[in-house]
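Novice: fold the following, please.
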Amino acid sequence: MDIKFNKNEDHNKLLVADLKHKLKKVYLGGGEKRIEKHHAKGKMTARERIDFLLDQPKEAIEIGAFAGEGMYAEHGGCPSGGVVVKIGHVQGKQVIVVANDATVKAGAWFPITGKKNLRAQEIAIENRLPIIYLVDSAGVYLPMQDEIFPDKEHFGRIFRNNAVMSSMGITQIAAVMGSCVAGGAYLPIMSDEALIVDKTGSIFLAGSYLVKAAIGESIDNETLGGATTHCEISGVTDYKASDDKDALTKIKNIVDKIGDFDQAGFNRKKAAPPKLDEQELFGLLPAKRSDQYDMMDIIKRIVDDSAFEEYKAGYGQTIITGYARIDGWAVGIVANQRKIVKTKKGEMQFGGVIYSDSADKATRFIANCNQKKIPLVFLQDVTGFMVGSKSEHGGIIKDGAKMVNAVSNSVVPKFTIVIGNSYGAGNYAMCGKAYDPRLIAAWPSAELAVMSGNSAAKVLLQIETASLKKKGEEITPEKEKALFDKIKADYDKQISPYYAAARIWTDAVINPLDTRKWVSMGIEAANHAPITKDFNLGVIQT
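Specialist: Down below sits the predicted model:
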């Protein structure tokens, strides 16, 4: 291996080490002291509950681990959005689990908590996946109630989704393992079956203090809405559990009896690891986002047997399209080629840029995958569409629109992995979050923004210096450099994959070596939901 490979390897492995360090901190939720207090009450933490519930906790994937990262500092932060969401297996059946983390502000709902819960329900609805709620929440975080309570995609949407999922026949099971207050009380009761833990679980629209203030009645919380009350008097809950483990064991027993689902019928054969060493991904991916490399080297270290059947190999070469298998599942891959390529006409095309011919090829390939019921995997490292008079006169907008149309109207499940750049309209054409990928994950090397930090900083610098000059300020080369460095540093924070993950623009930042697991778990989930629509591009300009 050459020195460049070694430098790339060192850089990318450091990024993964940083990812693991950040995750270790996230896993502590509200911190060790709050975890100790939680345990002192005889309760398991959200993560401990999920691990006890799942068949193989290490094989699960976590959605939104970095939700809220760097946000709400003035409120003490909200690690992981105050809720843990994982897709895994219970008694051999794939499920999605949503567990409030009561070590974070008593499990109160911040705006990002609502967004993350809605994302979990969206995954359940799209894939007809059973969903298990482990409830332990104080309800809406009142200092930010105006950002979580009244809008269409705020707190109330959760209960609307409960009702919709019920009508769709999607199994919902809720265990009340702590507080369940006010509007939040509707979530477990709108589920198919509800459990409650004796002495630690409680459900009421208003707690004892509010009842006293509202109607003058004196009553303790346990009598008002504890397990005995709701299992033996009100009939609100279906099962009483003696402790957390008992509740989780009862859930396992319920899930064990669920019948089989209608399958979408995606093709799967026996899985095989890549023949080429997956560890070499770290050395092949450049440390600098502007450097060129061959995306085919990446693909062959992700797919089964390193086998890839390329579609239209000699045409539209800045996008690679072709068929492969990932963990046995048949997939159609659409990937940005990041090396400079030479066309048959002798023209040079820049890697990572979408040209008219590559957009046309991708559109046709997406249509083929829809015709053959093959899930699509998008590997993003894109700087955008080609600009300039030649491209404009050649109809780049029209060809780009065709590709966006195909991505938008695709009826097979789509999965997106952001490997490197994800800039501008390239993000859209390569199935960014706005285009409904079933799952979207980013490598630590990813950057998501309208344009690169360097380009954006230059544009913003011109605007800033023009404004200062109008005010009569002299801009020396030193001051201009200082301004540029500050603008770029601020912009670079926003293009970080962690900034995107904090806002759930992506579902996770993942180790590149976990890419196969994420795609496989996603297709397995998607296989729960038969395709009921035909692929139709609608009206497009030819």
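
Novice: can you give me phi and psi for residue 309?
Specialist: Main-chain torsions, residue 309, degrees, to the nearest 10: phi -100, psi 100.

Novice: look up the closest residue to it, ignoring the ones flanking it.
Specialist: Distances taken as C-beta to C-beta, 6 or more residues apart in numbering put residue 323 closest to residue 309, at 4.5 Å, once the chain neighbours are dropped. The C-beta positions use only the backbone N, C-alpha and C, and glycine is treated the same way.

Novice: strand partners (parallel or antiparallel) of the helix or strand harbouring that neighbour?
Specialist: For residue 323, the element it lies in under DSSP states H and E is strand 319-326. Applying DSSP bridges to the sheet, strand 319-326 is found paired with strand 309-311 (antiparallel), strand 329-336 (antiparallel).

Novice: now do the contacts for the residue nearest to residue 309.
Specialist: Counting by C-beta atoms under 8 Å, 6 or more residues apart in numbering, residue 323 touches 308, 309, 311, 330, 331, 332, 333, 374.

Novice: then the strand holding residue 323 to CSV, C-alphas only?
Specialist: Extracted in CSV, the C-alpha atoms of strand 319-326 (Å, rounded to 0.1, in the frame of the first residue of the first chain):
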residue,chain,number,x,y,z
ILE,A,319,-22.8,7.9,-12.0
ILE,A,320,-22.3,4.2,-11.5
THR,A,321,-25.3,2.0,-11.8
GLY,A,322,-25.6,-1.8,-11.5
TYR,A,323,-26.9,-4.8,-9.7
ALA,A,324,-25.4,-6.6,-6.7
ARG,A,325,-26.3,-8.3,-3.4
ILE,A,326,-25.9,-7.0,0.1
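
Novice: any idea how far it is from the chain center?
Specialist: 22 Å (C-alpha atoms, centre = their mean, to the nearest Å).

Novice: likewise stretch 99-106?
Specialist: 20 Å.

Novice: pull out the buried residues from it.
Specialist: Residues of stretch 99-106 classed as buried by neighbour count (16 or more other C-beta atoms under 10 Å): 99, 100, 101, 102, 103, 104, 105, 106.

Novice: restricted to strands, list these.
Specialist: When the buried residues of stretch 99-106 are checked against strands (DSSP state E), the matches are 99, 100.

Novice: tell me what the helix or strand encompassing residue 441 is packed against?
Specialist: Element membership for residue 441 (DSSP H and E) is strand 439-442. For strand 439-442, the packing partners by 3 or more C-beta pairs under 8 Å, 6 or more residues apart in numbering; DSSP states H and E come out as strand 414-423, helix 497-502, strand 508-509, helix 515-526.

Novice: each with direction, which strands does it pair with?
Specialist: Strand 439-442 pairs in its sheet with strand 414-423 (parallel), strand 508-509 (parallel), by DSSP bridges.

Novice: C-terminal to it, what's the next element?
Specialist: Following strand 439-442 in sequence, per DSSP H and E, is strand 447-449.

Novice: now do that following strand: which elements does it pack against?
Specialist: Using 3+ C-beta pairs under 8 Å, 6+ apart, strand 447-449 sits against strand 414-423, helix 477-495, helix 497-502.

Novice: closest to residue 248 out of those?
Specialist: Residue 248 sits nearest to helix 497-502 of all those, at 28.0 Å, using C-beta to C-beta.

Novice: that closest one - contacts with which helices or strands?
Specialist: Short answer (3+ C-beta pairs under 8 Å, 6+ apart): helix 497-502 packs on strand 439-442, strand 447-449, strand 508-509.

Novice: from the chain's centroid, how far away is it?
Specialist: With C-alpha atoms, centre = their mean as the basis, helix 497-502 stands 10 Å off its chain's centre.

Novice: could I have that helix exported to PDB, CA atoms only?
Specialist: Extracted as PDB, the C-alpha positions of helix 497-502 are listed here (Å, rounded to 0.1, in the frame of the first residue of the first chain):
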ATOM      1  CA  PRO A 497     -22.500  14.900   9.700                       C
ATOM      2  CA  TYR A 498     -23.200  15.300  13.400                       C
ATOM      3  CA  TYR A 499     -25.000  18.600  12.700                       C
ATOM      4  CA  ALA A 500     -27.200  16.800  10.200                       C
ATOM      5  CA  ALA A 501     -27.800  13.800  12.600                       C
ATOM      6  CA  ALA A 502     -28.700  16.200  15.500                       C
END
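
Novice: what's it in contact with?
Specialist: By C-beta under 8 Å, 6+ apart, helix 497-502 touches 22, 64-71, 112, 418, 442-448, 493, 506-509.

Novice: and residue 117, what does it touch?
Specialist: 83, 85, 98, 109, 158.

Novice: what ranges do the strands span in the stretch 201-350 of the chain?
Specialist: Counting by DSSP state E, counting those that start in this stretch, the segments of the stretch 201-350 of the chain that form strands are 202-204, 239-241, 309-311, 319-326, 329-336, 341-342, 348-349.

Novice: thought residue 365 was touching residue 310?
Specialist: No: in this structure residue 365 lies outside contact range of residue 310 using C-beta atoms under 8 Å: 10.2 Å.

Novice: for the nearest residue to residue 533 once chain neighbours are set aside, give its distance to residue 436.
Specialist: Leaving aside its sequence neighbours, residue 533 sits nearest to residue 411 (C-beta to C-beta, 6+ apart; 4.8 Å). The gap separating residue 411 from residue 436 is 11 Å, by C-beta to C-beta, to the nearest Å.

Novice: now residue 468
Specialist: 43 Å.

Novice: cool, residue 380 as well?
Specialist: Distance of residue 380 to residue 436, given as C-beta to C-beta: 15 Å.

Novice: stretch 372-383: which residues count as buried?
Specialist: Quick answer for stretch 372-383 (16+ other C-beta under 10 Å): 374, 375, 376, 377, 378, 379, 380, 381, 382, 383.
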